[in-house]
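Undergrad: show me the folded form of this:
(chains A and B)
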Amino acid sequence: MSGVRVLVGTRKGAFVLTGDGKRKQWKVSGPHFAGWEIYHMKGSPADANRLYASQTSGWFGQIIQRSCDGGKTWETPGGGMTKTPDGMPAGESNKFVYDATPETGKPLTTHQWYDGTQHPWEFKRVWHLEPSLTDPDTVYAGVEDAGLFRTSDGGKTWQELPGLRGHGTGPKWQPGAGGMCLHTVLLDPANPRRIYVAISAAGAFRSDDAGKTWKPINQGLHSQYIPDPKAEVGHCVHRIALHRSRPNVLFMQKHWDVMRSDDAGDSWREVSGNLPTDFGFVIDVHAHEPETIYVVPIKSDSEHYPPDGKLRVYRSRKGGNEWEALTKGLPQQDCYVNVLRDAMAIDSLEPCGVYFGTTGGQVYGSADAGDSWAPIVRDLPAVLSVEVQTLR
Amino acid sequence: MIRVVLPPHLRTLAQVKGEVQLDVPGRITRGAVLDALEARYPMLRGTIRDHVTERRRPFLRFFACERDLTHEPPDAPLPDAVVSGAEPFLVIGAIAGG
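TA: Numbering: from 1, shown residues only, chains lettered A, B, ... in the order given. Predicted coordinates:
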């Protein structure tokens, strides 16, 4: 019996939407962690019952939640009453402390602030959790202020991978309007030592040694506010996606421009083509067709809602440049919601299902690869993230 | 026993209802009470004060005996009524936000 589990993070809690194989019947569970911002939830590809959630609050800071039963119950990893032999609490699951040890070689403490001055790195929240493709206890966390952390004990403790902040360009990174966040982590299914990350507003980076060392991969990106066409960093990348069968091909939604790389990010070219606007946040790839990609164009710079009040997903079957509007079942008038960068996901059933959430609280699903859409729920708090697990 | 009242979200996180009662060794100061609270409820570490600097999170305040103790030094003794258990030590979340 196949089915899907859609994990929805919102401004006021988490929701788990469970659908049948046809994706017609849905059961809604939640809110979990009511009243808290859930920036992201994601399941382990190695164990569908293992879920991780980033629970945050301006009042109480960062909490990491873990479920071992598919979202029915949750725990703070290591946060129970257990104690170490010396009597200290064992749980440090919400402790994200930047590595400033001399051993890292380059303890880095400042980045560029809005006014151009240097500003100390300050941890604010976890934007994105990316579980390992093979080990349910290993998870990567992309955080604000931008950095990459990893746990290998199921979320009990987190350690920074300091080579990213320390590789040299860190003092030139600067926050975008949403903060200086590391929002995208992509693990290469063909090469376990290769990791991609993206940061607003610094750009995309790649590691080929499992996160020890990093290099910027932003050649070919052009941003109006950066006069140097070969600037290594400073670009406001909103999202990167890849297809697992062809991980050297990357697709990017930048602040402006939809981009493509065929060489693992070493060079990029624009594939915005006939999009009504090339601004947006999400981008994702069809589960079975590596040249079929999806974006949701958004009007900008300040509006951040769909052009003409029409909520349209755009699909390209040619890896970009030629796009078709997908509108069946989506509101085509008076719609002024946004779709944030982590709020689109694709299942691997046949045909694949596509899901996205809006700041108006709707989660739309398509069971036919985008040809038609229907709301699964339509009155949630503002949606921050959407992920989907395919259950077989 | 020292009585501590937590804001609702932290009660949920710590899976407690009503007041928390703590056996606090030594001098009864805010720092000692929070140390004992975090030792008993590790999931609260980082939610009231920073993990490393132990600075109070900006949107939280501390009250007892109808007094705002937020800006008292963390090693200052708490009021006698808190020490005796007659009054609770309150952790309050700012009433703000959407």
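
Undergrad: I figured A:Ser267 hits A:Lys230, correct?
TA: No - A:Ser267 is not in contact with A:Lys230 according to CB atoms under 8 Å; the separation is 11.4 Å. Quick note: C-beta positions are derived from backbone N, CA and C, even for glycine.

Undergrad: for the two, indicate the residue with more neighbours.
TA: Comparing A:Ser267 with A:Lys230 by other CB atoms under 10 Å in any protein chain shown, the one with more neighbours is A:Ser267, at 15 against 10.

Undergrad: on that earlier part again, which residues do A:Ser267 and A:Lys230 both contact?
TA: Here A:Ser267 and A:Lys230 have A:Gln219 as joint contacts, going by CB atoms under 8 Å, 6 or more residues apart in numbering or on different chains.

Undergrad: list the beta-bridge partners for the residue nearest to A:Lys72 when sequence neighbours are not counted.
TA: Among residues not flanking A:Lys72 along the chain, A:Ser29 sits closest, at 7.9 Å (CB to CB, 6 or more residues apart in numbering or on different chains). Beta-bridge partners recorded for A:Ser29 (DSSP bridges): A:Val16.

Undergrad: please apply the same query to B:Val4.
TA: With DSSP bridges as the rule, B:Val4 is bridged to B:Val20, B:Phe89.

Undergrad: wait, doesn't it sit right on B:Leu22?
TA: Yes - if you go by CB under 8 Å, B:Val4 and B:Leu22 touch, sitting 6.2 Å apart.

Undergrad: for chain B, which spans come out with low pLDDT?
TA: B:97-98 (pLDDT under 70).

Undergrad: check what pLDDT A:Trp88 gets.
TA: Careful, residue A:88 is Met and not Trp. A:Met88 carries a pLDDT value of 39.

Undergrad: ditto for A:Pro227
TA: On the pLDDT scale, A:Pro227 gets 85.

Undergrad: sorry, back to before: overlap in contacts of B:Val4 and B:Leu22?
TA: Common neighbours of B:Val4 and B:Leu22 (criterion: CB under 8 Å, 6+ apart): B:33, B:37.

Undergrad: ranges for the strands of chain B?
TA: For chain B, strands defined by DSSP state E occupy the ranges B:2-5, B:20-22, B:60-64, B:67-68, B:89-93.

Undergrad: what's the most buried one of those strands?
TA: Greatest average neighbour count among the strands of chain B goes to strand B:89-93 (a mean of 21), per mean count of other CB atoms under 10 Å in any protein chain shown.

Undergrad: by contact count, what packs against that strand?
TA: Judged by 3 or more CB pairs under 8 Å, 6 or more residues apart in numbering or on different chains; DSSP states H and E, strand B:89-93 is in contact with strand B:2-5, strand B:60-64.

Undergrad: ok, and the closest non-adjacent residue to B:Arg61?
TA: Of all residues not flanking B:Arg61 in the chain, B:Thr70 sits nearest, at 4.3 Å (CB to CB, 6+ apart).

Undergrad: no wait, A:Val377
TA: Using CB to CB, 6+ apart and skipping the chain neighbours, the partner closest in space to A:Val377 is A:Val363 (5.2 Å).

Undergrad: give me every residue that touches the one you found.
TA: Counted by CB under 8 Å, 6+ apart, A:Val363 has contacts A:6, A:8, A:17, A:355-357, A:375-378, A:380, A:383, A:386.

Undergrad: can I get those residues in JSON lines with neighbour count and pLDDT?
TA: Output for the contacts of A:Val363, formatted as JSON lines (neighbours: other CB atoms under 10 Å in any protein chain shown; pLDDT from 0 to 100):
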{"residue": "A:Val6", "neighbour count": "26", "pLDDT": "98"}
{"residue": "A:Val8", "neighbour count": "30", "pLDDT": "98"}
{"residue": "A:Leu17", "neighbour count": "22", "pLDDT": "98"}
{"residue": "A:Tyr355", "neighbour count": "27", "pLDDT": "98"}
{"residue": "A:Phe356", "neighbour count": "25", "pLDDT": "98"}
{"residue": "A:Gly357", "neighbour count": "30", "pLDDT": "98"}
{"residue": "A:Pro375", "neighbour count": "16", "pLDDT": "98"}
{"residue": "A:Ile376", "neighbour count": "20", "pLDDT": "98"}
{"residue": "A:Val377", "neighbour count": "19", "pLDDT": "98"}
{"residue": "A:Arg378", "neighbour count": "12", "pLDDT": "95"}
{"residue": "A:Leu380", "neighbour count": "23", "pLDDT": "98"}
{"residue": "A:Val383", "neighbour count": "27", "pLDDT": "98"}
{"residue": "A:Val386", "neighbour count": "28", "pLDDT": "98"}
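
Undergrad: any chance of TSV for those residues, columns secondary structure?
TA: Formatted as TSV, the contacts of A:Val363 follow (DSSP: H, G, I helix; E, B strand; the rest coil):
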residue	secondary structure
A:Val6	strand
A:Val8	strand
A:Leu17	strand
A:Tyr355	strand
A:Phe356	strand
A:Gly357	strand
A:Pro375	strand
A:Ile376	strand
A:Val377	strand
A:Arg378	coil
A:Leu380	coil
A:Val383	strand
A:Val386	strand
